[in-house]
Every structure is written in C-alpha cells, then in structure tokens.
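Peer 1: Predicted model follows, preceded by the sequence.
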Amino acid sequence: AMAAERAQAMATCTAPVNIAVIKYWGKRDTDLILPINSSLSVTLHQDQLKTTTTAAASRDFTEDRLWLNGKEADVGHPRVQACLREVRRLARKRRGGGEDTAAFSLSYKIHIASENNFPTAAGLASSAAGYACLVSALARLYGVEEELSEVARRGSGSACRSMFGGFVQWQRGERPDGTDSLALQVAPETHWPELRVLVLVVSGEKKPVGSTVGMQTSVETSPLLKHRAEVVVPERLAQMMRHIRERDFEGFGQLAMRDSNQFHATCLDTFPPIFYLTDLSRHIIALAHRYNAHHGHTKVAYTFDAGPNAVIFALADTVAEFVEVVRRSFPPATNGDQFVRGLPVGSAALSQELVAAVVTEPLPGAVQYILHTKPGPGPQLVDDPSQHLLGADGLP
Ligand code: DP6
C-alpha cells in the first residue's frame, strides 16, 4: 500500500554561470532549443557568481508562483513552463515504476524563489545559471535523478552547460526530438588549477538585442554563420578539447579570442547588423593584444558574449600584473575601493617598458570593477534548511 502523502516539501539548490569559449549562436529548432553547432564553456565558481533557487510544493498552495530576486514574476513564461513540464514528466515516469511512494502528490501547486549573489544590473545574469538552478531545484523536489541538461536546455540553450562544473561541451545532436542535444563534462574544475577568470564589468546599460531574437536573425540572414556552424566550429571544437586536455594556455587563449571575434563577426554579418561590442570592448581587445605582444606570447585571452562585459582568461601568475594594467588603463572613478572583487589579487609593480608599450590613453571610469574568479563545480544541493528562500508559509 502507498504511504501517506506529504503535505509539503521544499528543496534548495545553487547553480553556476558559464562562459563559452566556442560560442553557441543559432538554433535549428526554436521550440526545443536545438543549436546549429556544438559549443564549449568554462563553468565559473559559485563563490563569486551563483543563482540560488528554492522550490516548494504544498497541498495548501492555490496556484503556481515565482519570485525573482524578491519580486514576483510570470510563472507562465513558456520556458519556465517547459522546464516544469519536463521535470514533472520525469517524476511521473519514476513513480509509475513504484519508487518514491511517500512523496507528495504531483498535482500540488508549487512556489519558486530565485536569487543571484551578484547584481543583475551588471549584465552578468546570463539566464544560464537561472534555468540550471530552476531545473536542479525542481528535480530535487520531485526526486528526479536523471541527466537533466536536456531539461535545462529548454529554459535557455546555454543553461544546459551550467549543469556541470569545469569544462563542458554541449553536443548539438542530430535527432529532431533533441534527445541527443546534451551537455557533457570534458574535464572537471580541478583539471586546470592555475586557470583564472577576470570579469571586467563595464556598465549597467542594457543589451540592444537579446540573444534569442539576435541569433534567429543571424540564422536567417548570415552566410558567415552558416559557414561557421558547418565548417569552422567542428574543427575548433576538436582543437579546443585538445588544448584543454593538454592545459595549453597559448592554444586555448588564441582559440577563445578567435571564436569570440568570429561570433561578433557573424553579428555584423547579420542583416540588419547586431552590435554587441562597443568602443570600450575594442579598447580592451587592443589592450590584451598589446599586453600579449609585449610578453611575446598569449598571457591573457578575452571573450565577449551578447553584452559589453569582457571576460579575460589568464593563468594565476599573470593576474596581479594584468589587473594593474587594467587599473592604469581604466582608472577607477572614485577612490578605487572595491575595484577588484572576488578572489584576492596580489600587488604588482609595472616596469616602465610595460607601461609605455601597453598603457596608452587611459579612459577613467570606463571599467566599473573587476571580478576575479576561477573554474568551479556544477549545481549544488543546499542541505541547511535555514538557507531556503521560502519560509514555512511558502512565501519569500
Ligand atoms: C552569446 O543561451 O542566452 O552567450 O538559447 O535563446 O536562451 P537562448 O540563448 P542563450 O545564448 C547564449 C549566447 C552566447 C554564447 C554562448 O553562451 O554560447
């Protein structure tokens, strides 16, 4: 006989942001979110950037509800609904198999609360962490243990890569139903302990065209994007996997920069064109190249997504010097307090030769702050009930 159904259940998870080094841009199926090419990313550490989500189910809830950063949001959003539907489908399948007899009823309404540990205004809030976290918390709530990148993908394409830590590939897949369009871990975060990430947060201005709309226009109009997906990415993906396996920063960095540049070239090739890079982005790109040229090899590598923030990869022994170069190139507007956040950064004295070769025409205040982080693990379960974002009454 079935055990008595529980009146209420609650689960909390955290999930990371990821940054692609082989970019995803373009869907072959906009409903299932199936990409035209595979992509590869680095999962960033949750100590610096994470989403936390609590999901609760109760006999007493009268409707599904959702809160984002404390404000009620539309739970009827088609992508939220797709994730909810898929997790519930997996839960039903499991229970049909006779497991989990003491669980609550699948017909209970649910409440979801989600928060970021970083300012949404900074433009770092890729939907990736949000949907990876939603799916992780729902799965925990419903007792689903299957591979869930396929479900997270339904929230946002890049979210499937946030379901794993370290270095992650999203395989484009071949099947029309998307069952082989999954994320796979290429290497764990411990694989490359010296790798560091600097996020140069440039401004709170909103991006002109969202990725979902932008990439669709690119698919419809850019011949370069078609060539990229068919010819360039398959070659680059294999190369990038090798650079990561061998911890070859020179190869990794060069390819990351080239792939970011090609993604932005496909945006310019889109008609009407889309501009995500700004004058400041171009300043940062030129700065990175001057810095590498001065040292005679690739010490830093930039990558830019559908917004103006720059993400810089470097090895740990380069961070202090490059941060000082950024500080000299973009002098902080105020007293420089909190200019560097996240992992500690040592101090570095710059040689006159370096300053002369690399620091040209400083732009005061152009970089708001630098966030120092590193590769990190995938979604985590939060065991401590005092960390739930919903109270016993099911409200934030
Ligand atoms: C430029 O995953 O945000 O960041 O699938 O429509 O939700 P949707 O798009 P999204 O696109 C991310 C694009 C990118 C590159 C990348 O992360 O690979």
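Peer 2: Thanks, I have it.
Peer 1: So which residues of the stretch 201-350 of the chain form strands?
Peer 2: Ranges of strands in the stretch 201-350 of the chain, per DSSP state E, counting those that start in this stretch, are 300-303, 310-315, 340-342.
Peer 1: Helix, strand, or coil at Leu90?
Peer 2: helix (DSSP: H, G, I helix; E, B strand; the rest coil).
Peer 1: residue contacts, it?
Peer 2: Counting by CB atoms under 8 Å, 6 or more residues apart in numbering, Leu90 makes contact with Ala139, Tyr142, Val144, Glu146, Val151. For glycine as for every other residue, the C-beta is placed from the backbone atoms N, C-alpha and C.
Peer 1: Was I right to think the second one contacts Ala91?
Peer 2: By that I understand Tyr142. Yes - Tyr142 lies in contact with Ala91 (CB atoms under 8 Å); the separation is 3.8 Å.
Peer 1: before we move on, the earlier item: and the contacts of Leu90, which is closest to the ligand?
Peer 2: Among the contacts of Leu90, Val151 lies closest to the ligand (CB to the nearest ligand atom), at 13.6 Å.
Peer 1: sorry, back to before: in JSON lines, list the strands of the stretch 201-350 of the chain along with mean pLDDT, distance to the ligand and mean neighbour count.
Peer 2: Below are the strands of the stretch 201-350 of the chain laid out as JSON lines (pLDDT from 0 to 100; distance: least, CB to the nearest ligand atom, whole Å; neighbours: other CB atoms under 10 Å):
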{"stretch": "strand 300-303", "mean pLDDT": "98", "distance to the ligand": "9", "mean neighbour count": "23"}
{"stretch": "strand 310-315", "mean pLDDT": "98", "distance to the ligand": "10", "mean neighbour count": "23"}
{"stretch": "strand 340-342", "mean pLDDT": "95", "distance to the ligand": "21", "mean neighbour count": "19"}
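Peer 1: Point out the residues in the stretch 51-200 of the chain that sit beside the ligand.
Peer 2: By CB under 6 Å from any ligand atom, the residues of the stretch 51-200 of the chain that approach the ligand are Ser127, Ser156, Gly157, Ser158.
Peer 1: ok, the residue nearest to the second one when sequence neighbours are not counted - how many residues close by?
Peer 2: Meaning Ser156. Nearest residue to Ser156 in three dimensions, chain neighbours excluded: Ser127, at 4.0 Å (CB to CB, 6 or more residues apart in numbering). Ser127 has 19 neighbours, counted by other CB atoms under 10 Å.
Peer 1: Over to Thr266?
Peer 2: The tally of other residues near Thr266 (other CB under 10 Å) stands at 25.
Peer 1: Name the nearest residue to it, ignoring sequence neighbours.
Peer 2: Using CB to CB, 6+ apart and skipping the chain neighbours, the partner closest in space to Thr266 is Leu225 (4.3 Å).
Peer 1: Quick check, that neighbour in contact with Trp25.
Peer 2: Yes - using CB under 8 Å, Leu225 makes contact with Trp25 at a distance of 6.7 Å.
Peer 1: any shared contact partners between the two?
Peer 2: Ser218, Thr266.
Peer 1: before we move on, back to that, ok, which pair from the residues of the stretch 51-200 of the chain next to the ligand is furthest apart?
Peer 2: Ser127 and Gly157 (9.2 Å; CB to CB).
Peer 1: C-alpha coordinates for stretch 274-294, CSV please?
Peer 2: Extracted C-alpha coordinates of stretch 274-294, given in CSV (Å, rounded to 0.1, in the frame of the first residue of the first chain):
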residue,chain,number,x,y,z
ILE,A,274,23.7,43.5,-34.5
PHE,A,275,26.4,45.3,-32.4
TYR,A,276,27.4,43.8,-29.0
LEU,A,277,31.0,45.0,-29.0
THR,A,278,31.4,48.7,-28.0
ASP,A,279,34.3,51.2,-28.4
LEU,A,280,35.3,50.1,-24.9
SER,A,281,35.2,46.4,-25.9
ARG,A,282,37.5,47.3,-28.7
HIS,A,283,39.8,49.1,-26.3
ILE,A,284,40.0,46.1,-24.1
ILE,A,285,40.7,43.8,-27.1
ALA,A,286,43.5,46.1,-28.3
LEU,A,287,44.9,46.2,-24.7
ALA,A,288,45.0,42.4,-24.5
HIS,A,289,46.8,42.2,-27.8
ARG,A,290,49.4,44.9,-26.8
TYR,A,291,49.9,43.1,-23.5
ASN,A,292,50.5,39.7,-25.2
ALA,A,293,52.7,41.3,-27.8
HIS,A,294,54.9,42.9,-25.1
